[in-house]
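> Build me a structure from this.
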Amino acid sequence: MDEAFMVLPTFIWDNVFTIINTLVCGLIVAVFTSTFLKKKEERTRIAGVILEKRINSEQEILSYLEKELFKEEINIENSGKYDVEIIELLKEFNLPVPYGRNLQYAVVFKSMEKYGKFFYGFEEEIQKRKLWLDKAVREHLIFMQMYFANFNVIPLMVKKIPLPKGQELTDEQFANISDKLLFLLGAVCDAEINALVSKLEELIVNSVYKLDLRRPKNSILRNMMVNSDTKKIIKRMENRTILGLYRENIFQLIMQLVYTEKGIDVDSFEDDEFDDFMKSSVPQTYNEI
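Residues are numbered from 1 along each chain as shown. Okay, here's the model as predicted:
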């Protein structure tokens, strides 16, 4: 039997080896394909989870901003003397009025209390969802955080205005000036804030249709946010936003509001009188801001 098997024609042996070779190659291809497809399927599943988390996280942040930044508008033509004075005050200090003789502003800019709740709520929304955010979206939100933080320190800016001893602002005066300044800057920056929100929406759409699962080489949060990326943001804040470009005008406006509240006419002082006034003045201090 063995001898008969050994004397099989050559073409039969060739066919046997061909079949065996085909089976082995097919098995290798099947194993490779199965492993590749499993990895691809797993990657697709992970991408789907990330995409869902990203869409939900970014949409919730955008929805928070759109809800909290609800607008009100004042038509100067149909308003009282106070509203007209507001426009004139902004023009006096060469601050932009985005909508001509109309004032539009988000409701949160009506008082420091309302704004504080909005600002810390915004930070909390980002903090809870930052792990799922696209790199470009995260960087833009950090810029918006820094931008909105400028309004949150208005009381500190008011506090820096020196006043003579015995003429310090009362708690009520301090709160009124802070609220009024917040309202004025909210109206001045309204169009710019709208542009920031619109840009955020654009970046969110891009992050969905251009899903990138690669880990960013450099995070903007590195080194406790002391890095080249944050320096660019600060430079952009100073050179490309109203709060940066008009910072001197804004400080002069604060001085005007404080001194008007206390009945002090600095413009009427002679040079030596102004020097004496500044020497007799001290920065204001408050236990609570």
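
> can you map out the strands along the chain?
71-75, 102-106, 163-164, 281-282 (DSSP state E).

> which one of these is the most hemmed in?
Counting by mean count of other C-beta atoms under 10 Å, strand 102-106 has the highest mean neighbour count of the strands of the chain, with a mean of 20. For the C-beta atoms, the positions are set from N, CA and C on the backbone; glycine is no exception.

> Could I have the CA atoms of that strand written out in PDB?
What follows is strand 102-106, C-alpha atoms only, in PDB (Å, rounded to 0.1, in the frame of the first residue of the first chain):
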ATOM      1  CA  ASN A 102     -29.800 101.100  19.600                       C
ATOM      2  CA  LEU A 103     -28.400  99.300  22.600                       C
ATOM      3  CA  GLN A 104     -28.400  95.500  22.600                       C
ATOM      4  CA  TYR A 105     -27.000  93.500  25.500                       C
ATOM      5  CA  ALA A 106     -27.300  90.100  27.200                       C
END
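
> can you give me the angle that strand makes with strand 71-75?
Angle, strand 102-106 to strand 71-75, by axes from the mean of the first three to the mean of the last three C-alpha atoms, to 10 degrees: 160 degrees.

> And strand 102-106, what does it pack against?
strand 71-75, helix 81-92, helix 171-188, helix 190-209 (3 or more C-beta pairs under 8 Å, 6 or more residues apart in numbering; DSSP states H and E).

> would CSV of those with mean pLDDT be doable?
Below are those laid out as CSV (pLDDT from 0 to 100):
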stretch, mean pLDDT
strand 71-75, 81
helix 81-92, 77
helix 171-188, 94
helix 190-209, 92
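
> Quick one, which of those gets closest to Glu125.
helix 190-209 (12.1 Å; C-beta to C-beta).

> which residues are in contact with the closest one?
51, 54-55, 58-59, 61-62, 65-66, 69, 71, 98-99, 104-106, 133-134, 136-137, 140-141, 143-144, 147, 241-242 (C-beta atoms under 8 Å, 6 or more residues apart in numbering).

> quick one: buried residues of that helix?
Across helix 190-209, burial judged by 16 or more other C-beta atoms under 10 Å covers Asp190, Ile193, Leu196, Leu200, Leu203, Ile204, Ser207.

> again with stretch 236-243
Met237, Thr241, Ile242, Leu243.

> go on, stretch 143-163?
Those would be 143-144, 146-148, 150-152, 154-155, 158-159, 161, 163, for stretch 143-163 by 16+ other C-beta under 10 Å.

> ok, the residue nearest to Ala149 when sequence neighbours are not counted - contacts?
Of all residues not flanking Ala149 in the chain, Phe119 sits nearest, at 7.3 Å (C-beta to C-beta, 6 or more residues apart in numbering). Contacts for Phe119 (C-beta under 8 Å, 6+ apart) come out as Phe148, Ala149, Phe151, Asn152.

> Same check on Phe109?
Tyr115, Phe151, Leu182, Phe183, Leu185, Gly186, Ala187.

> and which of those residues is nearest Thr260?
For these, the nearest to Thr260 is Phe183 (15.5 Å; C-beta to C-beta).

> Let me know the distance separating Lys67 from Phe119.
14 Å (C-beta to C-beta, to the nearest Å).

> How about Asp190?
In terms of C-beta to C-beta, Asp190 sits 16 Å off from Phe119.
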